[in-house]
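Colleague: could you work out the structure for the sequence below:
(chains A, B, C and D)
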Number of protein chains: 2
Amino acid sequence: MSTGRQRGHAATDATDDLRRAIVEGVLRPGDPLREERLAAELGVSRNTLREAMRTLAHEGLIVHEANRGARVTTPTRASVRDIYLVRRTVEPPALRAAGPDHPAAVRMRDAVAAARSAARLGDWQTVGTADLEFHRAIVGLSGSPRLDAVLDSILAELRLAFGAIADPEFLHAPFLDDNVIILETFESGRGDEAAILLEEYLLRSERTLFDSPAP
Amino acid sequence: MSTGRQRGHAATDATDDLRRAIVEGVLRPGDPLREERLAAELGVSRNTLREAMRTLAHEGLIVHEANRGARVTTPTRASVRDIYLVRRTVEPPALRAAGPDHPAAVRMRDAVAAARSAARLGDWQTVGTADLEFHRAIVGLSGSPRLDAVLDSILAELRLAFGAIADPEFLHAPFLDDNVIILETFESGRGDEAAILLEEYLLRSERTLFDSPAP
DNA sequence: GCATATTTGTCCGTATGTATA
DNA sequence: CTATACATACGGACAAATATG
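Modeller: Next comes the predicted model:
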């Protein structure tokens, strides 16, 4: 997983690479981000790396301590609770406001399909990705680039918290059917009902995360 | 507006200075941000300035064009509409979920008081600031640092859009009483009702902005 | 408690590429 | 089409803060 692609804007590429490394767990919560070392690893200068780190700090994936550099953010119970509060605030209204003929609805269908087939193969990593894509698609119904950005940032943080949990099957398996039901309810025109189901889903999902070993 | 204060972290200070300059209209929408010039003006190096610009780009106050540098974001009808959609999504639920004994409620009271007394003096600039503080306080009821951050960013963008309008009295005067009523309704324990009033307020406020000369 | 090694925070000089007069 | 201005990016430097032996 290194070269080959056409690397464009160095700072943006470094941001993306570093974000991926954090979200995929290559860099773990609490890990210090040494500038010299990291810059060499990403193939950019220290200045460019620092630009990338600013962005990720703004996204909440890393935290700066004065004169002590940056570390990968350590998720806490409070931050997970907050993330789910944001999700409950942002996701259900999108289902309420849009109709089933909305163009973004196909994204929802595709995501559910991808999650189901990955689950049959036992690929829980992919199930997780598809699950998050499903919820991104829901917010996509609102047609708001700003709400999209909020959810992207929030879900990246959540994946960071997921990383602290060993067993992704335990995390995603119970909710596959929920997504299907939410989708079907929405597609049958009962957006309000789908929104309520989604809210319940989010409450249960949060509880699952809290009842798990790590955080 | 220059020295005197104790300047700490240069990058952070530069970010704050630049944000202020944009939000207060010293730099106007579409203005190019020349690195050499701006860095000198802010008293930092170009590298440090670039870190600051990354943050502001993430906040939506400036936009980068590849190899052509950054400019102050030009608000559009679409962006104003989106900003209000986010506000309607985030603000009313906060009123619904919290009770009138919530500690953040005093912020609401203070903001309303400040707006009223500034209005008596005809200081519409201050009225505007207090108005936004009122809505920040509402979201503060939710106790969510992430929703706070969302609203901060959104309202900074909105102030940028306000800047395009000549007459702040026209913009804020009609809504002074709304805030008072929303506050009273909330304090009497009718949070749901207050949320509905707030939603209507936001719809009217958006329309006022659209009916105004500039955007 | 002190001397030393690391690391950040910051700045400068400069090379390269891209857009514009 | 050439010249100019500018953004992008790199590498080196150094003081100050911090960790380490």
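
Colleague: what mean pLDDT does stretch A:48-65 get?
Modeller: Averaged over stretch A:48-65, pLDDT sits at 97.

Colleague: can you list the weak-confidence ranges in chain A?
Modeller: For chain A, applying pLDDT under 70 flags the ranges A:1-6, A:166, A:213-215.

Colleague: DNA strand C versus the most centrally placed residue in chain A, what's the distance?
Modeller: Geometric centre of chain A, nearest residue: residue A:155, 2.5 Å, by Cα atoms, centre = their mean. Per Cβ to the nearest atom of the strand, to the nearest Å, residue A:155 is found 27 Å from DNA strand C. All C-beta spots, glycine's among them, are computed from the backbone N, C-alpha and C.

Colleague: go on, residue A:100?
Modeller: For residue A:100, the distance to DNA strand C (Cβ to the nearest atom of the strand) stands at 42 Å.

Colleague: ok, the closest residue to DNA strand C within chain A - contacts?
Modeller: DNA strand C sits closest to residue A:69 of chain A, with a gap of 2.9 Å, by Cβ to the nearest atom of the strand. Residue A:69 sits next to A:32-35 when contact means Cβ atoms under 8 Å, 6 or more residues apart in numbering or on different chains.

Colleague: looking at this, the residue nearest to the centre of chain A is in a helix?
Modeller: Yes. Counting by DSSP: H, G, I helix; E, B strand; the rest coil, residue A:155 falls inside a helix.

Colleague: what's the spacing between stretch A:129-144 and its chain's center?
Modeller: Relative to the chain's own centre, stretch A:129-144 is displaced by 10 Å; criterion: Cα atoms, centre = their mean, to the nearest Å.

Colleague: give the buried residues for that stretch.
Modeller: Neighbour-count burial for stretch A:129-144 flags A:129-144 (criterion: 16 or more other Cβ atoms under 10 Å in any protein chain shown).

Colleague: that stretch and chain B, any residue contact?
Modeller: Yes. Stretch A:129-144 is in contact with chain B by Cβ under 8 Å from any Cβ of the partner chain, via A:142, A:144.

Colleague: contacts for that stretch, please.
Modeller: Residues contacting stretch A:129-144 (Cβ under 8 Å, 6+ apart): A:87, A:90-91, A:93-95, A:97-98, A:102, A:104-105, A:107-108, A:110-112, A:114-115, A:118, A:147-148, A:151-152, A:155, A:158-159, A:172, A:175-176, A:179, A:183, A:198, B:82, B:85-86, B:89.

Colleague: can you turn the buried subset of those into a selection I can paste into ChimeraX?
Modeller: This is how ChimeraX selects the buried members of these, with burial counted by 16+ other Cβ under 10 Å:
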select /A:87,90,91,93,94,95,97,98,102,104,105,107,108,111,112,114,115,118,147,148,151,155,158,159,172,175,176,179,183,198 /B:82,85,86,89
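
Colleague: now, which of the contacts of residue A:69 sits nearest residue A:188?
Modeller: Closest approach to residue A:188 among these (Cβ to Cβ): residue A:33, at 48.1 Å.

Colleague: so that closest one sits against residue A:63, correct?
Modeller: No. Judged on Cβ atoms under 8 Å, residue A:33 makes no contact with residue A:63 at a distance of 10.0 Å.

Colleague: settle it for me: which of these two has more neighbours?
Modeller: residue A:33 (19 against 14; other Cβ atoms under 10 Å in any protein chain shown).

Colleague: excluding its backbone neighbours, what's nearest the more buried one?
Modeller: Distances taken as Cβ to Cβ, 6 or more residues apart in numbering or on different chains put residue A:70 closest to residue A:33, at 4.6 Å, once the chain neighbours are dropped.

Colleague: what's the answer for residue A:145, then?
Modeller: That would be residue B:82: by Cβ to Cβ, 6+ apart, it lies 6.3 Å from residue A:145.

Colleague: and that neighbour, what element?
Modeller: If you go by DSSP states H and E, residue B:82 is part of helix B:77-97.

Colleague: re earlier: contacting residues for the residue nearest to the centre of chain A?
Modeller: A:132, A:135-136.

Colleague: what's the closest of these to residue A:20?
Modeller: Using Cβ to Cβ, the contacts of residue A:155 come closest to residue A:20 at residue A:132, 14.3 Å.

Colleague: let's verify the residue of chain A most remote from its centre: helix, strand, or coil?
Modeller: Computed with Cα atoms, centre = their mean, the residue of chain A farthest from its C-alpha average is residue A:67, at 29.7 Å. The three-state label given to residue A:67 by three-state DSSP is coil.

Colleague: angles on the backbone of it, please.
Modeller: Torsion angles at residue A:67 (phi, psi; degrees, to the nearest 10) stand at phi 60, psi 10.

Colleague: what of residue A:32?
Modeller: Per degrees, to the nearest 10, the backbone of residue A:32 is at phi -80, psi 150.

Colleague: tally of neighbours for it?
Modeller: Using other Cβ under 10 Å, residue A:32 has 14 neighbouring residues.

Colleague: now it: how far from residue A:74?
Modeller: Noted for residue A:32: a distance of 12 Å to residue A:74, by Cβ to Cβ, to the nearest Å.

Colleague: now do residue A:107
Modeller: 32 Å.

Colleague: next one: stretch A:172-184 to chain centre, how far?
Modeller: Chain-centre distance of stretch A:172-184: 17 Å, with Cα atoms, centre = their mean.

Colleague: tell me where chain A has strands.
Modeller: With DSSP state E as the criterion, chain A has strands at A:32-33, A:62-65, A:69-72.
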